[in-house]
Each structure stands twice: as C-alpha cells, then as structure tokens.
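In: with the sequence up front, the predicted model follows.
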Amino acid sequence: MSGSNGAGPLIAVEDLVVHYPVARGLVGSVARRPQQVVRAVEGVSFTVARGELVALVGESGCGKTTTAQAVLRLVEPVSGRIEFDGDDITGLQSRALRPLRRRMQLIYQDPYESLDPRLSVQAAVEEPLQIHGLGGSRKERRERVRDALARVELSPPELFLERYPHELSGGQRQRVAIAASIVLGPDLLVADEPVSMLDVSVRAGVLNLLDGLRKEGLGILMITHDLSTAARFADRIAVMYLGRIVEQGPAQAVVRDPQHPYTKALLSVVPRRDPRERSRREILSGEAPDAVRIPSGCRFHPRCPIAIAECREIDPRLERAGADPRHEAACIRV
Amino acid sequence: MSSLLEVENLHVWFELEGERELHAVQGVSFTLEPGERLGLVGESGCGKTTSVLGVLGLLPPSASVAGRVLLNGEDILAGGEETIRPHRWVDLAIVFQGAMNALNPVKTVGSQIVEALELHGQASGRAARVRAGELLNSVGIPAERTDRFPHEFSGGMRQRAAIAMALACNPSVLVADEPTTALDVMVQAQILELLDSLCNDFGLALLLVTHDLPVVAELCDRAAVMYAGEIVEYGPVDALYHEPRHPYTRLLFAATPDLYGRGVPVSIPGAPPRLDLPLYGCPFHPRCDRAFTRCKDEHPALKELGGSRSAACHLNDVVAKTA
C-alpha cells in the first residue's frame, strides 16, 4: 500500500452500489417469496479532495447516509470501488482497515448520544489515542488533548478537561465530539448532519469550525438535508435522489443555476429568512417511492413536472450542464 | 371589540426539589385575530412550548400558572380546568410536537378521528364516519385511505392526519408546535401550504411554535421572539428581519445561513441564563454585542415602538433606530 503522495483526491468513489435485503418474515420465507432488496445506493461516483468540503444533500431515504457509511467501510458495497488516498480500500479486511480508521473519522448527528456520559472531556478526547496506541506518554497524550480542545475553540482547555457531558451545552458537546475525532490527526472527516440537533444560535460556530479544519487541509464529507447550510459551507454539492446523484457541481452553481428539475423543486421550497423573498414554491406531490420499487427509466419521472415519454425508458447519466464546466446533471431534458 | 385570543401577562413556574422554582414563562402577552398566523419563535428552553401548554391548561400539576387567557373576551384560565375544558379542542386545538408519531398504531386513522368526534359529541355512528372522511379530505388525504393504519402512511401523511384530528371540532385557533421539524424539506413545504390554506380558506387562526426562523418568515404575518421566558420582540415578520429592534432578533437572523451564501453566519456567544435563579438586568445582556451599563442593572420592559411592534431593549430609548 502506497500512493499517499497527496496528488490525487483523498476519496474517490466509483460506481458504488449498496443493497440491503428486506426481511421476508416467517410467512414470506415459508411461502418462498422472492428476496427483495432495498436499492439504497445505485451507482454513485464522486471525489473529495484535501481541503475540500463536499455536501451530499437529499431527503430521507435518498441514500446519502449509506453512501457515507460505505466510504468509511461500515457497510459492504455490492459493487463499485472506493479509493482512499490513492489506495483501493474496497475489499480490505478489518485488520487491514485498522490503520486507516485513524485517518478517517466520523462525527455523529447527536452529541447527546455520541459522548459517553461517564467520561470527562479529558477522557473522551484521550480515548481514541489509547485505542490506537498513539500519543506516546501520558503527558504527551494530555498535551494532544489540550491541542485538540484548543482547535475546537474550547479554551482555555483547563476549563473543560474535568467537565462531564451533562455540564456542557449542546454546542460544546459537539465541539468535544469533534475534538475526539481530530485528536488522531485524520485526513478525512465524515460529518452526518453535524448541527441538526443544535440550537440555531450555536450552529454557525460549529460549521465555521469545520470550515476552519477544511482550510487546514482536511477533506470533509458532510451529509445534510439543509440546502442553506450546504450552500454556505460546501465547496461542492451533490444532490441525491433514490440512490443516485442527480446533480453535482460547485455549491453556488448548483444553488443559483440548478439544472435538474428535482434540484430546482427542492431549492424552490427552502424557506428563506427574508420574508420578502418568500419562495415561489414548486411543490412536488407525494414523497419519494421506497427504494425497493425503483421506477423504470429516470427514477424521478413519476414526480417530475417536465417528464416526457422517453423519461420512462431512458435512465439518464450525469452529464455536463449549466455554465460552469464542473457542473453536471442527470436529465435528458437539460 | 375583543380579539379572538388574547393572552395577558402569562407566567408559569415549575416547582423544583428543595423548594426552588423555575420561572419558565415570565409575563408573556400576545393577541391573535381570525385567520391570522402568529409565530412564537425561540431556542430550546425559551418557554415557547410551555407558554402554549399554559394557554391550553395542559401543564403538569407541578406547574403554577398566572395571567389571563381571553377567548372572545372570556377569561378561560380564571376557573382552572373547569373553564378551560369546554373550550379545549372545541375552540382551541393543538398539534403537539411529534403528533404524527403519537397515532394509535392498532387503530385505523379514520376510526381514531371518529373516536375524537364521538368523544366531543360532534357526531356519532355513520355521520361521524362521513365527517372523518371530510376532515381527512380537507388535509389532502383521499377518502379511500381512511381505513388504513398509521404505519401504512408516510411521515407527511401522518402529520396531515394529526392535523385533521386537531380540526375535528372545528376550532377557531390551531396551535402547531414544531409541525414540520422532523420532516423533509419537500414534505415540510406541503404541510406549510396546508396550514396556509386552512388559514385562508376557513379563517383558522394559527399559532406556530418553532425554533426555525425561515419557517416563520415563510408562513407567518407576525412573530413574537422569545428569550429566557419573555417575549423580547414582537411585530410583523418583515420588520423583524429588515429592522430588528432587539439585538437578539438581529443576531438570531444573522446566525441563520442564507441559501445564496450571502454573509457569514455567526454564532451568538454564550448560552441562555438559568431560569431557576434570579435574573438581574436584561436577560440577554451577557450575550449582547451592544450592551451598556444600564443593561446590567435594569430589566427592560416590552415597549410599544409604533408600527404595531414592540421590543424589550434599552437601546430603543437611546437611539430611535435599528438595534
């Protein structure tokens, strides 16, 4: 294993497919009903570079979290290829993955659940170092814990080291969780809805913190349903619908010049903070079908306001769309 | 002429262990007219849900409530449960936070609405079944789905059913506590549109309780911004965004990301004060970027500022411009 020269993307995902079997139940098994699968992710490709924040956006069930879990090798893909820093990690066994775990860290949605209530801040941030046998002597480890706390702007660290999660606010807890993920010096952070459980007044601080880590050179893959957050903090946005990326490109190009009818509709219904900008909402009826029964052709066609007969047959690929050469959409009508 | 709903100087205290008290709602007043949409907005712990539960007489026994709640001029809080009960659900209804997950899983959605109609003596038997179908239809659930179970509905459909159930007795005021919080943005838009049309078509007055400023900006005519158990600013949503007269309102909007990436969202430093300890001065002064000496010592009262708006900030005495 080599290749970590930092030239290529940090993460390159190619044609990723992840399926989950649906439990048939006793009756189904006895009756030998065919095994059904949830087609959670069906051919997703994207990259995340060092110093880049990529947002995967979409509604629940679109496959964004499954994609992130596959990148971290927490779920097994059916097919496709995941490269981390130039190395193919798709087939690696857990033993071989272990040294990589330190380099890719996950930040969970709910800091109230991700932190062990019995561990002080010091112990929570030190724990990853102990698990990976890193950080040298006890004194050196303490130093690294302090550094990590300072980087997440919990300063002075002395004020927080001996505190327990219940003595911290939601924003402070999420900062501790981030400190525990960066103490190992990872290259990639995967943040799954990192601020959705936090109060509005502290969200920006946590997001600005991730932005700062990105500027220091970390690659960040952020899963979010909030387009405004993605628009402000991501370099690139990938919009997912039913297991596919239907549009991707530079964040501002996607938000200001959306190409795919799904992205257009989604953006039209984002509530604006200025009442004078009340959106001309283009509300799609119903909800996305479940990923067991994916429509033929373009999977968005049953809800699409501009679908034509061909859309029922042609499964569109991502192709260049819009003014920006890095902007792509999967729609035959674009 | 009295308003449809007038809440006057509402206070709520919770008893804590060791003879301590938590003063959760500290003198909240607002009015609601037919067909109007009022947002009650603030962060967790600011007292917005406690306020509306107080108005509906739904707080636990450990809470004491003071103040007046006038419904068409009649004080329904005065006689406790006895004076509230005839009006709860009948005139004032609530869709609780998470109501869509509180439907009975072993009964069909239609039969649960029939049950509500029969319980309140609105209709019974066949008439109740017909009315249940109409109610579900009015929230966008086709009649043929009346006999389905909650698990056969999507999240958005269950939220519609919860709204239909709250409308069973044809109330004049609907309180909706975080009605779209757990929903995806497209489903949220569908529910907001439904609430909007209920207000427009039936003259329903809506009290929308939420932490989400853009949702209020999208749907409401006026809003009350709450902080530490008080309303700190009250007025038309357009004025709140464009000319806030309380620094908390301004900072809360500034902390909200903009879809087109204009401006860097900034957090408000610090945290809200504890409400089980006495407060000195303005409750927001430790986090305020414009606090001055008076703010530490003197509690600012909510003052009328003209243009049917008010704010509780000393700055409005000093300079008659944007806080």
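Out: Yep, it's here.
In: need the pLDDT of the residue of the stretch 1-150 of chain A found nearest chain B.
Out: For the stretch 1-150 of chain A, the residue closest to chain B is residue A:59, as judged by C-beta to the nearest C-beta, at 4.0 Å. From N, CA and C alone the C-beta is placed, and that goes for glycine too. At residue A:59, the predicted lDDT confidence score is 90.
In: not counting its neighbours along the chain, what's nearest it?
Out: Nearest residue to residue A:59 in three dimensions, chain neighbours excluded: residue B:184, at 4.0 Å (C-beta to C-beta, 6 or more residues apart in numbering or on different chains).
In: my read: the one you found touches residue A:226, true?
Out: No - counting by C-beta atoms under 8 Å, residue A:226 is not a contact partner of residue B:184; they are 10.7 Å apart.
In: related to what we said a few turns ago, identify the residues contacting the residue of the stretch 1-150 of chain A closest to chain B.
Out: Contact partners of residue A:59, counting by C-beta atoms under 8 Å, 6 or more residues apart in numbering or on different chains, are A:225, A:241, A:287, A:288, B:184, B:185, B:186, B:187.
In: which helix or which strand is home to it?
Out: Per DSSP states H and E, residue A:59 falls between elements, in no helix or strand.
In: what parts of the stretch 101-250 of chain A come near chain B?
Out: For the stretch 101-250 of chain A, the residues in contact with chain B under the definition C-beta under 8 Å from any C-beta of the partner chain are A:169, A:171, A:199-208, A:225-229, A:231-233.
In: what segments of chain A are helices?
Out: Applying DSSP state H to chain A gives helices spanning A:25-30, A:64-71, A:94-101, A:111-114, A:121-131, A:138-151, A:158-161, A:170-182, A:200-215, A:227-233, A:251-256, A:261-268.
In: now the residue nearest to residue A:229 when sequence neighbours are not counted. Its backbone dihedrals?
Out: Spatial nearest neighbour of residue A:229, excluding adjacent residues (C-beta to C-beta, 6+ apart): residue B:257 at 5.2 Å. Main-chain dihedrals, residue B:257, degrees, to the nearest 10: phi -70, psi 150.
In: tell me the confidence at residue B:257?
Out: 90.
In: and the residue nearest the centre of chain B, what does it touch?
Out: Nearest to the mean C-alpha position of chain B, counting by C-alpha atoms, centre = their mean, stands residue B:209 at 2.7 Å. By C-beta under 8 Å, 6+ apart, the contact set of residue B:209 is B:39, B:40, B:41, B:48, B:49, B:52, B:175, B:176, B:177, B:178.
In: mind doing that once more with 10 Å?
Out: With contact set as C-beta atoms under 10 Å, 6 or more residues apart in numbering or on different chains, residue B:209 has these partners: B:38-42, B:48-49, B:51-53, B:94-95, B:97, B:175-179, B:216, B:226.
In: helix/strand/coil for it?
Out: When the structure is reduced to helix, strand and coil (DSSP: H, G, I helix; E, B strand; the rest coil), residue B:209 reads as strand.
In: the helix or strand bottoming out on mean pLDDT in chain A close to chain B?
Out: Averaged element by element with mean pLDDT, DSSP states H and E, chain A has its least confident helix or strand at helix A:25-30 (a mean of 76). No - no part of helix A:25-30 sits near chain B under the criterion C-beta under 10 Å from any C-beta of the partner chain; the closest distance found is 14.4 Å.
In: who touches that helix?
Out: Counting by C-beta under 10 Å, 6+ apart, helix A:25-30 makes contact with A:22, A:23, A:24, A:31, A:33, A:34, A:35, A:36, all of which sit outside it.
In: any idea of the pLDDT on the fifth one?
Out: Listed pLDDT for residue A:33 reads 76.
In: quick one: low-confidence parts of chain B?
Out: Per-residue confidence for chain B (pLDDT under 70) gives these ranges: B:1, B:319-323.
In: what residue ranges in the stretch 51-200 of chain A score low on pLDDT?
Out: Counting by pLDDT under 70, the stretch 51-200 of chain A has no low-confidence residues at all.
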